[in-house]
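Asker: okay, structure incoming, though there's no sequence with it:
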Ligand code: SF4
C-alpha cells in the first residue's frame, strides 16, 4: 500500500491535479471513463494518433465483485479468479502503458476496490504520467476515507453505474436490493471528495422508454458526464435484452436531440453509429453541427487488459491479441494483426464496408462479433442502407 494513500480524519492533499481536470473536455476525446470504446459527438483532440496511442486503456484489475449484475460483461464472481495479475505484474504493466502518450488508464473490474494494492497501482501510474480513472462497484467499500486515499494516490476521475431512474429498475438490473440508494449516496461522496463524477448507464430494451427519466435522475446526481452504454450481448448480457436496429436508431436520435438541454455532458458507448445520426440530425436542422469526432472504436483508440493479462480491443470484444505476461501491451496495440485490422475501415464487410460513414463510425465491432462471430462484419443493429444513400455509392 502507498503510505500516503490512506486518510485518517485529515483528508490528504491530492499529490497532483490531473491536467484533464483543469480543462473542459469533449465528449469523444477519451476523457470519459469507459470499459469499452467511446463514441459520440465530441471534437477531435489535436495531435491524437490512434495508430500509436489509445485514448483509453481499461485494465480489469480483478474479476472479483460482490454484485452479480444481470448484464455484467465480465461475468464477475465473488472471489478473484485464478491467474489474476499480481502486484509485480501489475506494476510492470503500468510501466509499459506509460509509454503511451496522453492515455487515460481506467482501473476497472469486477470491483477494483477489492484489489488491496489499488492505491499503489494508481500512484505508480500517475507517477509515470498516466491519467487514472476508477469504476468502483457501489458497495460499502466506497467510503469517504478510501475516496480521499484514492484522490491522494492521483486518481482523477470516478465513474459509477446507475441503470434505472428508480430503485425498482436499478436494483433489478443489479440484483441487489438497496443498490439504488447506496449508489446515490456514493455519488454524493464521490463529489464531496472532489472527483468529477461520471455516471454510466447500460441501455437495454426494457430501459429505452425511460431515457428522459434517466437523464433527469443522472442530472440530479450532479454528474459532469453521463455515459450511455448500448448493451453488447457478451458475458452475462443477453441478446434478448438488446435493442433491435429500430430501437437503436430511436434511442440514438433521442439522446442526440436531448444533449444540448442537459446540465452534464452526454456520450454514447458501443454505438458509434451515433456519429452518423448526429450528422443527419444536424443536416435536418434538429441540432447544431458538431465538430468532427475522433473515430474511436474497439481497438482504435481503445484497448482492454483482462484480469489475467489478455489484451483485447475492448472489454466487450473478447478476442485476444496476446498477453502482457509475454508481450508488451503497447506493442500489441500498435502492431498486433487484430488491432491493425480493426483500425482499417477497408477491412470492414457488408453494409459497413460499403458505407460512407465507415471511417468515422465503422459500427460496433464488439456487437458485430457477438452476433456474427466476425469482428469485421457489418453492424447488425444499424439500420442504415448504403445502397439507398446516394453519397455511399459515389
Ligand atoms: S452501416 Fe456501419 S458504418 Fe454505416 S452508419 Fe451503420 S454502423 Fe456505421
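Answerer: Looks like it arrived, so ask away. Everything quoted here is computed from the prediction, not taken from an experiment.
Asker: show me the contacts for residue 60.
Answerer: Neighbour list for residue 60: 35, 74, 108, 109, 110, 304, 305, 306, 307, 315 [criterion: C-beta atoms under 8 Å, 6 or more residues apart in numbering]. No exception for glycine: its C-beta is placed from N, CA and C like everyone else's.
Asker: try it again with 7 Å
Answerer: Neighbouring residues of residue 60 by C-beta atoms under 7 Å, 6 or more residues apart in numbering: 74, 108, 109, 110, 305, 306, 307, 315.
Asker: which one of these sits closest to residue 298?
Answerer: When the contacts of residue 60 are compared for distance to residue 298 (C-beta to C-beta), residue 315 wins out at 9.2 Å.
Asker: do you know how far residue 251 is from residue 108?
Answerer: Using C-beta to C-beta, to the nearest Å, one obtains 24 Å as the distance from residue 251 to residue 108.
Asker: what's the answer for residue 348, then?
Answerer: From residue 348 to residue 108 the distance is 28 Å (C-beta to C-beta).
Asker: in terms of helices and strands, where is the residue lying closest to residue 57 once chain neighbours are set aside?
Answerer: The shortest distance from residue 57 to any residue that is not its chain neighbour, by C-beta to C-beta, 6 or more residues apart in numbering, is 4.9 Å, and that residue is residue 303. Applying DSSP states H and E as the criterion places residue 303 in strand 302-305.
Asker: the strands in this protein, which residues?
Answerer: All strands of the chain, identified by DSSP state E, fall at 38-39, 56-60, 104-108, 131-134, 155-161, 197-203, 225-230, 265-269, 302-305, 310-312, 322-323.
Asker: worst mean pLDDT among these?
Answerer: The minimum mean pLDDT among the strands of the chain belongs to strand 38-39 (a mean of 46).
Asker: among the strands of the chain, which is nearest the ligand?
Answerer: Checking the strands of the chain against the ligand by C-beta to the nearest ligand atom gives strand 38-39 as the closest, at 10.2 Å.
Asker: get me the contact residues on this protein for the ligand.
Answerer: Where the chain comes near the ligand, counting by C-beta under 6 Å from any ligand atom, the residues are 273, 276, 351-352, 355, 357-358, 361-363, 378-379, 382, 384.
Asker: let's see 5 Å
Answerer: Proximity of the chain to the ligand is assessed by C-beta under 5 Å from any ligand atom, with 273, 276, 351, 352, 355, 357, 358, 361, 363, 379, 382, 384 identified as the residues in range.
Asker: most surrounded residue in those?
Answerer: Using other C-beta atoms under 10 Å as the neighbour test, the residues of the chain next to the ligand are led by residue 363, with 29 neighbours.
Asker: residue contacts, it?
Answerer: With contact taken as C-beta under 7 Å, 6+ apart, residue 363 is in contact with 272, 273, 352, 378, 379, 382.
Asker: run the last query once more with 6 Å
Answerer: Residues near residue 363 by C-beta atoms under 6 Å, 6 or more residues apart in numbering: 352, 379, 382.
Asker: can you put those residues in TSV and add pLDDT?
Answerer: Output for these, formatted as TSV (pLDDT from 0 to 100):
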residue	pLDDT
352	98
379	96
382	96
